[in-house]
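> From the sequence below, what's the structure:
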Amino acid sequence: MTQLSRKYWNPEVEPLLNTPEIRASQERKLPRSIRYCYENVPFERRRMEAAGVRPEDIRDLADFRRALAPVGQAEFRQVFEEFNLDMDLVWRHLFGKDRMDDLYLLTTTSGTTGVPTPYPVFHKTTDTMAELFGRIGWRAGMRPGDKLAVGFGLSMHAAGTPHLFWYKRSHGVTLIPIGAEAGAERILNYMKLFKANIFSGTPSLALHLIERAPEVLGAPVKSLGLKVLLLGAEPGAGIPEIRSRLETEYGAKVFDIGAGYGVSCDHPEYQGMHWIADDHCLYELVDPETLEPLPMTHGAIGQACFTPLDPEAGIFFHHLRFTLSDIHQVFTEPCPCGLSGFRYRIVGRADDMLKVKGTPVYPAAIQGVINGFVPRITGAFRIVLTEKPPRVVPPLKLKVESGEGIREADLPGLEREIAEKMHRMLHVRPAISWLKPFSLERASKKTQLLEKQYEP
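Numbers count the residues shown, from 1 in each chain. Predicted structure coming up:
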C-alpha cells in the first residue's frame, strides 16, 4: 500500500478511536489535565473551589462528571463583566498566565449576540491543529497537489485564519486564503483563476455561490471543477436535502466538519461526523436541561461537552467540560463506510430551540424541510418571532422565497405541501408568508434564520 492510498492520516492512532483501549488512555490523561487547570487557570481554580473539590478528589471519570457542571459562553460573559471588558485581565483569568504567555493568534466567534467568545491559538497548539486537521483533510480526500480555497471569514473568525496552521503538515496542499469578506464575485473568480479544487466555508456561502455563478462566471458553479466542499460553522452540510443539492450543483463531494473535531464520510447517506480526536479531547453528552451526564449509547441525544486532554495545546476547547450549547445525536455502532470513530450529528443549539405548543423545534430541522422543496422555492427563509423564545405562539410563522418561475396561483398548494411535510416530520404546522425570489439578504458567513420582531 502506497502512502497516498493509506486509509488513515495517522494509521497508528485512528484505528483505535472509539475503542476500550483509547478510553482507558483518556482516563489516564484526565487527572493531569484537571491538575493543570487547577494550578494554572484562575477561572478553573475558582470553579473547583466553588464546587468544593480539589484535583485529588476526582479519581475517575464518574467523579469528574459529578464534580463540575459544564461551562460555556454564559460563564465567559460573566467574566467579561467582572473585569469590565479589560481583555488582558479577562484572557489571563480564563486561560491562565502560562498559556497567554504562549499566545500566538487571537480569534473569536462572530460575536452576533454580544462580545465575541475568545478562541486563542497558542504556539503549542499549532502542531495539534496540524495533526487533527490532517486527519480531517485526509478523510475528505485531500491529497498532495490539491488547492484549497478558504471561504471562511478571515477577520478574527476561529475557522478562518487558523486554516494556515490546520494543514501545515499536509505537504503538497496549497492554500488560497480568499475569505468570506471578499464577496461572492471575487471568491468565484479567484477559484477559477487559481484552479482550486477544494473549497472550505459555510453552507450558506456555498449555496449563495450557486446563485451567483451564472452571473459572475457565465456558467454554473459546477464549471469550477471542485472535487470537495468542506463545510461547517453552521448546520447545512449535515441536512440531507441541502447536502444533496450542493453535491448535485457542484458535482463535488460534501463533507460536514466542526462543532467539535469531526468530519463526515463519503457514504451516499449522511452518517454524521466521525469524531477523530479521542487522544486529544474527552467528549461527553449531558442532559440540556438538568446538565446530568448521559451515557454514550447508540442514538443518544444530548448537549455535547469537551475537555482537553493536553490543555497547553488544546484547540477551540480549553476548559474542563466546555460546551458550545450544541445538541448532538451520537452513533456508536460501526459506520457502513468502514472508518473509525463514533459519529455525531448536530440536532440544533440548546439556545436556539423553539417550543410550539410544547413541541421542541430546532431551526436547522425547519431548514431541512424547506430545502426539500427547491427549486420550487429558493431555499431562503426566515422564522418570524413576535416574542422572546423559546415559546412560540402558534402558528409558527415563516417567510419563504418562492422559486423563479413559480406562479402566484401555485403558492397555496405549495404552502399546503410544506405544511403537511413539516407537520409529519416536526409536529408543527407553519403559516407561510411568500416573498419574491432573492429578496432576502444572503450571508457569506452564517445565515441568521430568526427574524426577531419583539422588543429585547
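> Now the least confident helix or strand in the chain by mean pLDDT - C-alpha only, CSV.
Using mean pLDDT, DSSP states H and E, helix 163-166 stands out as the lowest-scoring helix or strand of the chain, at a mean of 88. Provided in CSV are the C-alpha atoms of helix 163-166 (Å, rounded to 0.1, in the frame of the first residue of the first chain):
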residue,chain,number,x,y,z
HIS,A,163,-6.5,27.3,8.3
LEU,A,164,-2.9,28.5,7.7
PHE,A,165,-1.9,26.1,10.5
TRP,A,166,-4.5,23.4,10.1
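> Mind checking the pLDDT average for the next helix or strand after that helix?
As assigned by DSSP states H and E, the chain's next helix or strand after helix 163-166 is strand 174-177. The average pLDDT for strand 174-177 rounds to 97.
> number of nearby residues for the closest residue to Phe83 other than its chain neighbours?
Nearest residue to Phe83, sequence neighbours excluded (Cβ to Cβ, 6 or more residues apart in numbering): Leu89, at 4.3 Å. All C-beta spots, glycine's among them, are computed from the backbone N, C-alpha and C. When neighbours are counted by other Cβ atoms under 10 Å, Leu89 registers 14.
> what comes up buried for the helix or strand hosting Leu89?
In this structure, Leu89 sits in helix 87-95 according to DSSP H and E. Under the neighbour-count criterion of 16 or more other Cβ atoms under 10 Å, helix 87-95 has 90-95 buried.
> Show me which parts of the helix ranked longest in the chain are buried, residue by residue.
Secondary structure assigned by DSSP state H gives helix 20-40 as the longest helix of the chain. Residues of helix 20-40 classed as buried by neighbour count (16+ other Cβ under 10 Å): 22, 25-26, 29-30, 33-34, 36-38, 40.
> What average pLDDT does the helix holding Leu89 get?
Average pLDDT, helix 87-95: 95.
> Now for Arg99: which residues touch it?
Contacts for Arg99 were tallied using Cβ atoms under 8 Å, 6 or more residues apart in numbering; they are 40-41, 120, 122, 311-312, 318.
> Could you report the distance from it to Ala313?
Distance of Arg99 to Ala313, given as Cβ to Cβ, to the nearest Å: 9 Å.
> what do those two both touch?
Phe122.
> what residues are up against Met296?
Met296 is in contact with 283-285, 330, 332, 342, counting by Cβ under 8 Å, 6+ apart.
> for Ile176, same thing?
By Cβ under 8 Å, 6+ apart, the residues touching Ile176 are 147-150, 190-191, 194, 196.
> ok, now how distant is it from Glu49?
In terms of Cβ to Cβ, Ile176 sits 48 Å off from Glu49.
> Same check on Cys337?
For Cys337, the distance to Glu49 - Cβ to Cβ - is 46 Å.
> Between those two, which is the more surrounded one?
Between Cys337 and Glu49, counted using other Cβ under 10 Å, the more crowded position is Cys337 (16 against 11).
> for that one, what are its contacts?
265-267, 271.
> Make TSV out of the buried residues of helix 87-95 and add distance to Asp57.
Shown next, in TSV, are these (distance: Cβ to Cβ, whole Å):
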residue	distance to Asp57
Val90	28
Trp91	28
Arg92	26
His93	23
Leu94	23
Phe95	24
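> what two of those residues have the greatest distance between them?
Val90 and Phe95 (9.2 Å; Cβ to Cβ).
> Low-confidence regions, the chain specifically.
1-2, 110-114 (pLDDT under 70).
> can I see the domain layout of the protein?
The record's domain parsing of the chain by automatic domain parsing lists 3-126+275-351, 141-256, 353-452.
> Please enumerate the helices of this protein.
Under DSSP H, the chain gives helices at 20-40, 42-51, 61-67, 73-82, 87-95, 97-101, 125-139, 163-166, 183-194, 203-217, 240-250, 363-371, 411-426.
> could you dump those helices to a markdown table with distance to Val356?
Listed next are those as a markdown table, based on distance: least, Cβ to Cβ, whole Å:
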| stretch | distance to Val356 |
| --- | --- |
| helix 20-40 | 39 |
| helix 42-51 | 36 |
| helix 61-67 | 33 |
| helix 73-82 | 25 |
| helix 87-95 | 37 |
| helix 97-101 | 44 |
| helix 125-139 | 36 |
| helix 163-166 | 39 |
| helix 183-194 | 34 |
| helix 203-217 | 24 |
| helix 240-250 | 21 |
| helix 363-371 | 11 |
| helix 411-426 | 9 |
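> is it true that Val347 touches Ala364?
Yes: here Val347 reaches Ala364: they are 7.4 Å apart, a contact under Cβ atoms under 8 Å.
> Hmm, Gly251 is touching Pro220, no?
No: Gly251 lies out of contact with Pro220 (Cβ under 8 Å); the separation is 9.0 Å.
> gap between the residue of the chain positioned farthest from its centre and Gly52?
Residue farthest from the centre of the chain, counting by Cα atoms, centre = their mean, is Ala409 at 39.2 Å. The gap separating Ala409 from Gly52 is 68 Å, by Cβ to Cβ.
> hang on, the earlier thing: dump the buried residues of helix 20-40 to CSV, plus distance to Leu385.
Converted to CSV, these look like this (distance: Cβ to Cβ, whole Å):
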residue, distance to Leu385
Ile22, 43
Ser25, 46
Gln26, 41
Lys29, 44
Leu30, 41
Ser33, 40
Ile34, 41
Tyr36, 43
Cys37, 38
Tyr38, 42
Asn40, 42
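> Just flag the most distant two among the residues you listed.
Greatest spatial distance among the buried residues of helix 20-40 (Cβ to Cβ): Ile22 and Asn40, at 25.9 Å.
> From Leu207, how far out is Glu441?
Glu441 is 13 Å from Leu207, where distance means Cβ to Cβ.
> Just want to know which of these two has more residues nearby.
Under the neighbour definition other Cβ under 10 Å, Glu441 and Leu207 were set side by side, and Leu207 has more, 24 against 9.
> Could you list which residues are in contact with that one?
236, 242, 245-246, 379.
> how about CSV for these, with distance to Leu17 and neighbour count added?
Converted to CSV, the contacts of Leu207 look like this (distance: Cβ to Cβ, whole Å; neighbours: other Cβ atoms under 10 Å):
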residue, distance to Leu17, neighbour count
Gly236, 25, 28
Ile242, 27, 26
Arg245, 31, 22
Leu246, 27, 24
Gly379, 35, 20
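> Now the nearest residue to Cys335 once chain neighbours are set aside: phi and psi?
Excluding its sequence neighbours, the residue lying closest to Cys335 (Cβ to Cβ, 6+ apart) is Gln271, at 5.2 Å. Dihedral pair for Gln271: phi -110, psi 10, per degrees, to the nearest 10.
> how many other residues sit next to Gln271?
19.
> Next up, the contacts around it.
264-265, 331, 335-337, 343.
> measure it to Gly302 for me?
Distance of Gln271 to Gly302, given as Cβ to Cβ: 19 Å.
> what does Pro412 give?
Per Cβ to Cβ, Pro412 is found 40 Å from Gly302.
> more neighbours, those two?
Each of Pro412 and Gly302 has its neighbours counted (other Cβ under 10 Å); Gly302 has more, 22 against 11.
> What sits closest to the more buried one if chain neighbours are left out?
Using Cβ to Cβ, 6+ apart and skipping the chain neighbours, the partner closest in space to Gly302 is Leu285 (3.4 Å).
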